[in-house]
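Student: Give me a 3D structure for the following:
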Amino acid sequence: MSDDKTAEGADAPAKEDYLYVGVDLGNNTYTVATRFNKDMADILLNGLSNRETPTLVAFEGSQRWLGEPALSRATSNATNTIDDIMGLIGKSKSVYCGARSKHGRFTIGDGDDGLVKAKVSYRITGDDADSQEFSGTQLLGMLFADMKKTVSAKTKKSEKDNKLTTKLTIAVPPHFTAEQVKAVQTSAVIGGWDAAQLGTITSDKAAATVWANKHHSDNEEGDNESVLMLIDVGSSSSSASVLEFTGINEETKEPKINVLGTSATEEISVSQIDSLLFEFVSKLLKEKHGVTVTTGTRQGARLLRECGKVRKILSANENAVVVLECFGEEEKDYQFEVLRSQLEEACASLQESFKGLLTQALEKSGKTKDDVKVVEMIGGGTRVQFIRQTVTDLVGDAKITQTLDSSSSIALGAASLDVTAQDMEKIVSESAPLRDLEAKMGEQDAVLVQVGAEKNALETFIYETRSQGGDRKDLFDEEKTFPLLQEAEDWLFSDEGDALCEPGPAATKLKELEEKVKSLNPKFFEEIEAERLAKEKALEEERKKAEAEAGPAEDHDNRKLRKADRMKLMVKNKDEGAELFKGGNFKHAITRYVKALVHSNKFLEDLTDDDKKEVDTLKNAIHLNLAQCYIKLNEWKKAKASCDSALEITDSIKGLYRRAQAYYQMRDFDESLADCKKANKIEPQNKSVAKLMQQVQAQVTAQKEKEKKMYGKMFG
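Tutor: This is a model prediction of the structure:
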C-alpha cells in the first residue's frame, strides 16, 4: 500500500490520504464500501440510509431518476425504467435479445447489430428529439456519476492540507468477458472517476478476500487447509469458483489468493427460478380461473413479484400461498397454494445445469471435492432448497458454510484491495464524447432539481391549505379558496406544468396563489401565524429547560430490562412523540417514535404469543404515527416505508390510506389506486378514502392520455 505517512518537518511535503472505494455491481442493486487509509472497510449508506441501491435508471420528459428515486417509477413508468443494465453491458443487439427475459418491459433501440441500446422517452437540452437511445455502458455511467456524488458527500475528509486520493475498485461478475470489463471501466470514467485510480477484480476474489480475512488472517504461508469453493447464486447469474489461500502478503497485509478454476453462467439465477415459477403459477391461474397473464405487462410484473415472495417462503417451508388482490381485468381476488415439490419440479432442468456448473468448476481447478475444505455460499439463490441440496449431494453438508453477508462481502472485499487497471489511456480518449454528454445531462438534472423544488413548494402549499380549518373553519372561506387551489393543481399536473424545465414559473405561481389565498382569509392566517410564533417560543423555552436538566440519554443503554419495563419505555417514548406531534414539532416527534422502535428490538427474554401480539400492536401504531409525521414534512418515500412496516404487521385503513397518499404524491398512481381499493374494501363508507380514490382515478386517466400522446410522438 502506498499510504505511508511522510515524516513531520518544516519543509516536508503535504501528507497524502487515501480513500478506497469498493463497488459490487449487481443487476438488481449495487453496494458501495469505503475504507479511509488503513481503517476497516465499511458499507456506505445511500441517501435514504440503505445499504443497497437499485441498479435502475428512469426517464420521463426532460427528467431522469437514478437509483432509489428510479424505484418508484418502475411500476408507473416501466417502459422508460431500465432494470437490466448489467445484462446490457457489452452485448450486441442480437445476443441480448436472444437471451433477454420475457419479463423485460423497456424498449430496445432500433440500431444495427452493434451494442444493444435501450430506447427511452427523454429530451436533452438543445436536442429536438423526444426519444434517446443509451447503451448499457452509458446507463451504468449515469449510476457511477450518482455514486461519485454520494461518496463525496458521505465519506470522511482528509486532514487539513492533506492531499486525498480516491481509488475505485469495481467487482465484476466472473463470467464477464474482457470487452465487458472494459465497458464497465468506461462507465466509471463516464461517471467522472479518475481513470488512473480505478481497477477491476472478479466478485469471487473480492468475496474470498473477506472470507480469508475473517478465517485465516493469522495462517502461515503454505497452509493447504485453505482450499475454498465459493458459490454465488445471484439475481442474474451464478458462479462457482475454487480458490486457494496461501498466506498473507507481508508488504500489503492482503491475503494471497489464487483462483484455480471458475465456472459461471447467466442461465442459472434467481430471476430464472422466479420466471419458471411464474410459468407454473400463470398456468394454474389459467386452468383454475380462466385468467391469462401476459409477460411484460403490469399484471405480469405483479405476478412475478408475488412469485419472488413465494420463492422466499418455500426456502424455509414446504408450502406457500399465492395471494393476488384486485388482479386481472375483472380485478378479482385469487388465492391458492404452491408446494416446494412443485417448484422443484418446475426447476428440474435448471437444477441439472447447476450440478454441471459445480462439476465444471472442480474440473477447471484440477481439484477434487475431497481437496475442498470449505464451501462458502452467498447470494439470494443459495437459500433455495434444491440449490443447497445439489451442493450437499456433491460435497456433503458438513463442508457448507454461510459466514459471509451476501449483500456486503463483495463490496467490502473490493474496498480492502488496491487494484489499478492498466492501459486506460484509450478508454479515456474514446469516452470523451460520452463524458461530455453525461456532464450535460448532469447540468440539466441540477436545473430540474431546482424546478422540482419550486413545484414541490407549490404542491405543498396546495395540500396544506386544503387541510386548513379545524377550530377556525368559520374564518376560512372554502367556497372561494378551493377553486383557486384546484386551478393551481390542474396547472401543476398539466402538460405545461410537466414540461417545465426552467426555474421561475412555479415559484411565481406560488407567490400569486399565496397572495390570493391570504387576501381571502386574512384573519385566519393572522391567527395561524400568531399560534406558530407562540409554539416556537414555547419550544425554545422547553429546549432550554431540557438542556439545563439534561442527564445521560436514557435510550442509549444496554440495560437488561424485563419485558414490562421495556414496554413502559416504548409507551413513554410513543406518548412523548404524540405530544410533540400535537404541538407541530414533527422532527422531534420522529426522534421519539424511532426511540420507541429501538426499544422494541431490545427484548432479551423469550416473548409469549400474547406478548408478541402486544408488542406488534404497539409497533404498528408507532409506524403509522411515523408515517403521519413524514406526511406532514412531505417526506413521501419515508412515509411510504413506515406504512410498509405497519402493513407488514396488519392491514389497516390508516396504513393503506396513508400509503395511498404517499404513492399519490410520488405520482405512482397505480399503486395509490390499489391501496385505495383495498382500504375501500375494509371501510366502504370512509369519505377520505373515497375522495382520494376519485383524485387518483382522475390522474390515472390523465396519465393514460399523456402516454398515448407520448408514444404517438415516439413511434408515429
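Student: need the helices for the stretch 251-400 of the chain, in chain order.
Tutor: Ranges of helices in the stretch 251-400 of the chain, per DSSP state H, counting those that start in this stretch, are 270-289, 298-314, 340-346, 348-365, 385-395.
Student: Could you report the neighbour count for F386?
Tutor: Neighbourhood size, F386 [other C-beta atoms under 10 Å]: 19. Yep, even glycine has a C-beta here, placed from its N, CA and C like the rest.
Student: Is it possible to get CSV of the helices of the stretch 251-400 of the chain that adds mean pLDDT?
Tutor: Shown next, in CSV, are the helices of the stretch 251-400 of the chain (pLDDT from 0 to 100):
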stretch, mean pLDDT
helix 270-289, 93
helix 298-314, 91
helix 340-346, 95
helix 348-365, 96
helix 385-395, 94
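Student: right, and the ones you listed - which one's nearest I85?
Tutor: helix 270-289 (13.8 Å; C-beta to C-beta).
Student: List the contacts of the closest one.
Tutor: Identification of contacts with helix 270-289 by C-beta atoms under 8 Å, 6 or more residues apart in numbering yields 27, 101-103, 233-236, 291-293, 295, 300, 303-304, 306-308, 310-311, 322, 332, 334, 336, 338, 342-343, 346-347, 350, 379-381, 384.
Student: then it to PDB, C-alphas only?
Tutor: Extracted in PDB, the C-alpha atoms of helix 270-289 (Å, rounded to 0.1, in the frame of the first residue of the first chain):
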ATOM      1  CA  VAL A 270     -32.700 -16.200  -9.000                       C
ATOM      2  CA  SER A 271     -34.600 -14.400 -11.800                       C
ATOM      3  CA  GLN A 272     -34.600 -17.700 -13.800                       C
ATOM      4  CA  ILE A 273     -36.100 -19.500 -10.800                       C
ATOM      5  CA  ASP A 274     -38.800 -16.800 -10.400                       C
ATOM      6  CA  SER A 275     -39.500 -17.000 -14.200                       C
ATOM      7  CA  LEU A 276     -40.000 -20.800 -14.000                       C
ATOM      8  CA  LEU A 277     -42.300 -20.300 -11.000                       C
ATOM      9  CA  PHE A 278     -44.200 -17.600 -12.900                       C
ATOM     10  CA  GLU A 279     -44.900 -20.100 -15.800                       C
ATOM     11  CA  PHE A 280     -46.200 -22.600 -13.300                       C
ATOM     12  CA  VAL A 281     -48.400 -20.200 -11.400                       C
ATOM     13  CA  SER A 282     -49.800 -18.500 -14.500                       C
ATOM     14  CA  LYS A 283     -50.700 -21.900 -15.800                       C
ATOM     15  CA  LEU A 284     -52.600 -22.600 -12.600                       C
ATOM     16  CA  LEU A 285     -54.400 -19.200 -13.000                       C
ATOM     17  CA  LYS A 286     -55.400 -20.100 -16.500                       C
ATOM     18  CA  GLU A 287     -56.600 -23.600 -15.600                       C
ATOM     19  CA  LYS A 288     -58.400 -22.800 -12.400                       C
ATOM     20  CA  HIS A 289     -59.800 -19.300 -13.000                       C
END
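Student: now the angle between helix 298-314 and it, please.
Tutor: 110 degrees (axes from the mean of the first three to the mean of the last three C-alpha atoms, to 10 degrees).
Student: Only the buried residues of helix 270-289, if you could.
Tutor: 270-278, 280-282, 284-285 (16 or more other C-beta atoms under 10 Å).
Student: Tell me what angle that helix forms with helix 348-365.
Tutor: 170 degrees.
Student: Buried ones in the strand or helix carrying L513, by neighbour count?
Tutor: Here L513 sits within helix 505-520, counting by DSSP states H and E. Buried residues in helix 505-520, counted by 16+ other C-beta under 10 Å: 505-507, 509-510, 513, 517, 520.
Student: Pipe those into TSV and attach pLDDT and distance to T155 per row.
Tutor: Below are the buried residues of helix 505-520 laid out as TSV (pLDDT from 0 to 100; distance: C-beta to C-beta, whole Å):
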residue	pLDDT	distance to T155
P505	93	37
A506	93	34
A507	93	34
K509	94	39
L510	94	36
L513	94	41
V517	92	44
L520	92	50
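Student: Kindly reformat the residues you listed as TSV containing distance to L143.
Tutor: Listed next are these as TSV, based on distance: C-beta to C-beta, whole Å:
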residue	distance to L143
P505	31
A506	29
A507	31
K509	34
L510	33
L513	38
V517	42
L520	48
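Student: from those residues, which two are the most distant?
Tutor: P505 and L520 (22.7 Å).
Student: ok, back up a step: can I get the helices of the stretch 251-400 of the chain in TSV including distance to N50?
Tutor: Below are these laid out as TSV (distance: least, C-beta to C-beta, whole Å):
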stretch	distance to N50
helix 270-289	19
helix 298-314	18
helix 340-346	29
helix 348-365	30
helix 385-395	26
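Student: Go through these and name the closest to C501.
Tutor: helix 298-314 (28.6 Å).
Student: tilt between the longest helix along the chain and helix 505-520?
Tutor: In the chain, with assignment by DSSP state H, the single longest helix is helix 432-466. With the same axes, to 10 degrees defining the directions, helix 432-466 sits at 10 degrees from helix 505-520.
Student: And helix 432-466, what does it pack against?
Tutor: Using 3 or more C-beta pairs under 8 Å, 6 or more residues apart in numbering; DSSP states H and E, the elements in contact with helix 432-466 are strand 63-66, helix 136-154, helix 178-190, helix 478-492, helix 505-520.
Student: contacts for the helix or strand hosting A70?
Tutor: Taking DSSP H and E as the definition, one finds A70 inside helix 68-71. Residues from elsewhere that reach helix 68-71, judged by C-beta under 8 Å, 6+ apart: 46-48, 50, 53-54, 56-58, 81, 637.
Student: from the chain's centre, how far out does that helix sit?
Tutor: 7 Å (C-alpha atoms, centre = their mean, to the nearest Å).
Student: Likewise for stretch 580-600?
Tutor: 25 Å.
Student: I'd like to know the average pLDDT value across whichever helix or strand G655 is part of.
Tutor: In this structure, G655 sits in helix 653-665 according to DSSP H and E. Helix 653-665 shows a mean pLDDT of 92 in the predicted model.
Student: Can you name the next helix or strand after that helix?
Tutor: Criterion used, DSSP H and E; the element after helix 653-665 is helix 669-682.
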